[in-house]
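# I'll drop the sequence and a predicted model, then ask my questions.
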Amino acid sequence: MIASCDVGIQREMSADPRISSMEIIRYDMQRLPCIETEHVTCYCGLFKISCGETHGFAEFKLSEGAHPTDLVHWASVFRRLRGMQPTQAIRHIEQHREIWGNERVLFVEEAVRNLLFNLETRNDGSSKLSREEIRTFLMHYALTYYSF
């Protein structure tokens, strides 16, 4: 009886995934391997959004005039996505497109869509690298890091 109850809880949880965490990193482009010298001054990074152990990723590259002076403050608007279902998050992002600006919306939307794909295919987004390898890579090449 207890085992069947546990299975029911697991199904309910997987049927209603909620965004549990997000991370954004700005790369130190001078330290990244295999980067051409013309890209060294780019404002680039990675956004990771998670539902438990399943992740969605999107890279961003912001133009010289459009990049924020404070990445943490700039990305803090995404905190509202935490606790939402990914489909709710997509709607929320669309509703805030004008306020957030197209550059912010494009990569966060891509990350949520990647998360949805990984949830549907039961892919945790880290089949090539383990969680520890991803974290080590991010911390090694981070110029700015924000977890929320």
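Noted; the coordinates are in hand.

# name the helix or strand for the most centrally placed residue in the chain, please.
In the chain, the centroid-proximal residue (Cα atoms, centre = their mean) is residue 48; its distance is 2.1 Å. Assigned by DSSP states H and E, residue 48 belongs to strand 43-51.

# show me how far that strand is from its chain's centre.
Using Cα atoms, centre = their mean, to the nearest Å, the mean C-alpha position of strand 43-51 is found 4 Å from that of the whole chain.

# state the mean pLDDT of it.
Averaging pLDDT along strand 43-51 gives 89.

# neighbouring strands - and their directions - for it?
strand 21-27 (antiparallel), strand 54-62 (antiparallel) (DSSP bridges).

# what's the helix ranked longest in the chain packed up against?
The residue-count maximum for a helix in the chain (DSSP state H) belongs to helix 102-120. Packing partners of helix 102-120 (3 or more Cβ pairs under 8 Å, 6 or more residues apart in numbering; DSSP states H and E): strand 43-51, strand 54-62, helix 86-95. Using the backbone N, CA and C atoms, a C-beta is placed for each residue, glycine as well.

# so can I have CSV of the ones you listed showing distance to residue 145?
As requested, the helices and strands packed on helix 102-120 are exported to CSV (distance: least, Cβ to Cβ, whole Å):
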stretch, distance to residue 145
strand 43-51, 9
strand 54-62, 14
helix 86-95, 22
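
# any idea which of the ones you listed gets closest to residue 117?
Between residue 117 and the helices and strands packed on helix 102-120, the tightest spacing by Cβ to Cβ is seen for strand 54-62, at 7.6 Å.

# show me what the following helix or strand past that closest one is packed against.
Using DSSP H and E, the helix or strand that follows strand 54-62 in sequence is helix 71-75. When contacts are defined as 3+ Cβ pairs under 8 Å, 6+ apart, helix 71-75 sits against strand 21-27, strand 142-147.

# mean pLDDT lowest where, among those strands?
Mean pLDDT is lowest for strand 142-147 out of the helices and strands packed on helix 71-75, coming in at a mean of 84.

# if we can go back for a sec, so how far is residue 63 from the nearest residue to the residue nearest to the centre of the chain once chain neighbours are set aside?
Nearest residue to residue 48, sequence neighbours excluded (Cβ to Cβ, 6 or more residues apart in numbering): residue 23, at 4.5 Å. According to Cβ to Cβ, to the nearest Å, residue 23 and residue 63 sit 23 Å apart.
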